[in-house]
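Asker: here is my input, please return the structure:
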Amino acid sequence: MKTIITFLIILSAQISFSQLTLTNQYNPVPGDIDSYAICDTTNISQGPAGANQVWSFLNLTKIDTSDIHFVTSSSTPYSAQFTSSNTASTNDNSSYTYFTTSAANILFNGSGGPGLVVPYTDPQLFMQYPFSFNSTFTDNFGCSYVANGTPTVRTGSTTVTADAWGTINLPVGSFANALRVKYIITTKDSSNPGTPVVTITTNTSYVWFVPGKKYPVFEIVYSTLSFNGTLFASSKTINYNSRSTPIGIQQISSEIPQGFSLGQNYPNPFNPSTKIKFQIPAGSNIRTDMVSLIIYDILGKQIKTLVCQQLQPGTYEVDLEGNGLPSGTFYYRLTAGGFSETKKLTLVK
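Answerer: Numbering: from 1, shown residues only. Got it, this is the predicted structure:
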């Protein structure tokens, strides 16, 4: 099972001294989809900590795939017990995890599903901003809930450290200035259904972020589970995200459009940034069709990929930064299913 870290950690592609800094710019928003593949773990390890590392994960064997959808908390069946949350996620439209995102941090508020709802009275600090190489924090969390009719007390601790940076090589390509974040999360559940039971779960995760991508591109998770002091199970999981959401896309309306459309960027001409709006209708086979929005120069050479992912029906807006581009005329093309449309934009510096 993919740990919560993969769809909670949010980053910014700001570079300081050739290193990535995580900021609140990349908090998950309703309409986001985090797609990942679970891969075989053979001969894959996280490697050492430190600066200027090189990680090679080129030979990955995919075992299964999954999508995590982000929605508004108020749209879920358990929202009344998570009133402070503004975002929730689900991969089955049945069970949900709840978060509060802000300019300063991300808090995990608990989970809800058929037969079990666990609202945290002391939320878990999952990320604080800004966060870069050698940044670290610790936090304690807890709550009380009822499981199978038995009152249960949960306590836990989180330690988060950005312990390495360097270049990560993946089947989809190589990424310089990648930041690795290490999470150690220990959760203790204590109950007494007639006999005292103490369950301790420890997840140690190594998660890689790269410039220009909203969600982690790679993750290695080590998990252990013990009952009353005796180790019961241990596991290792590899999660690989080959289509991480590009930076700057957000859904601005969930109202279902009548058809595909691509708006003219505004402002145009622009400097230093502009916005591009587009619409995805229902019935567009969103489970299998990829939506792409790509920038080309006047010779037809691909310059930037702004969007390359599955999207729910709705209206979206994408930011295009002119940093690194010369003055001149460019074209942007929206492709989804059988739809394709191209428009022109101009950067003036």
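
Asker: what ranges does the protein have for its helices?
Answerer: 5-8 (DSSP state H).

Asker: pull the helix or strand with minimum mean pLDDT from it.
Answerer: The helix or strand of the chain with the lowest confidence, counting by mean pLDDT, DSSP states H and E, is strand 14-16 at a mean of 33.

Asker: wait, doesn't residue 208 sit right on residue 219?
Answerer: Yes - with contacts counted by CB atoms under 8 Å, residue 208 reaches residue 219, the gap being 7.2 Å. For glycine as for every other residue, the C-beta is placed from the backbone atoms N, C-alpha and C.

Asker: what does the domain assignment say about this protein?
Answerer: Here the domain parsing of the chain from automatic domain parsing is 5-240, 249-347.

Asker: among the ones you listed, which is the most enclosed?
Answerer: With neighbours defined as mean count of other CB atoms under 10 Å, the domains of the chain peak in mean count at domain 5-240, which reaches a mean of 17.

Asker: against residue 240, how distant is the residue sitting furthest away from the middle of the chain?
Answerer: Distance from the C-alpha centroid of the chain peaks at residue 194, with 40.8 Å (CA atoms, centre = their mean). According to CB to CB, to the nearest Å, residue 194 and residue 240 sit 44 Å apart.

Asker: what of residue 334?
Answerer: From residue 334 over to residue 240 the distance is 27 Å, taken as CB to CB.

Asker: for residue 21, same thing?
Answerer: Taken as CB to CB, the span from residue 21 to residue 240 is 24 Å.

Asker: show me what stretch 98-110 is in contact with.
Answerer: 4, 8-10, 24, 27-28, 73, 76, 78, 81-82, 84-89, 97, 111-112, 117-120, 123-129, 141, 143 (CB atoms under 8 Å, 6 or more residues apart in numbering).

Asker: no, scratch that, I was asking about stretch 321-336
Answerer: Outside stretch 321-336, the residues touching it (CB under 8 Å, 6+ apart) are 248, 260, 262, 265, 270-274, 276, 278, 280, 284, 289-298, 303, 306, 311, 320, 340-349.

Asker: over to stretch 89-96?
Answerer: 7, 28, 34, 66-71, 76-78, 88, 97, 99, 111-114.

Asker: quick one: mean pLDDT over that stretch.
Answerer: The average pLDDT within stretch 89-96 is 96.

Asker: how long is that stretch from one end to the other?
Answerer: This stretch, stretch 89-96, spans 5 Å end to end (CA to CA, to the nearest Å).

Asker: how near is the residue lying closest to residue 349 once chain neighbours are set aside to residue 268?
Answerer: Counting by CB to CB, 6 or more residues apart in numbering, residue 327 is the residue found nearest to residue 349 once chain neighbours are left out, at 4.6 Å. Separation of residue 327 from residue 268 (CB to CB): 13 Å.

Asker: low-confidence ranges, the stretch 201-349 of the chain, go.
Answerer: The stretch 201-349 of the chain contains residues with pLDDT under 70 at 212, 244-248, 284-289, 309-310.

Asker: cutoff 90 now
Answerer: Across the stretch 201-349 of the chain, the ranges flagged by pLDDT under 90 are 210-215, 242-256, 258, 272-273, 281-292, 301-314, 319-325, 336-338, 349.

Asker: strands of that one, start to end?
Answerer: Using DSSP state E, counting those that start in this stretch, the strands of the stretch 201-349 of the chain run over 218-227, 230-240, 249-253, 261-262, 273-280, 291-297, 302-309, 314-321, 328-336, 339-347.
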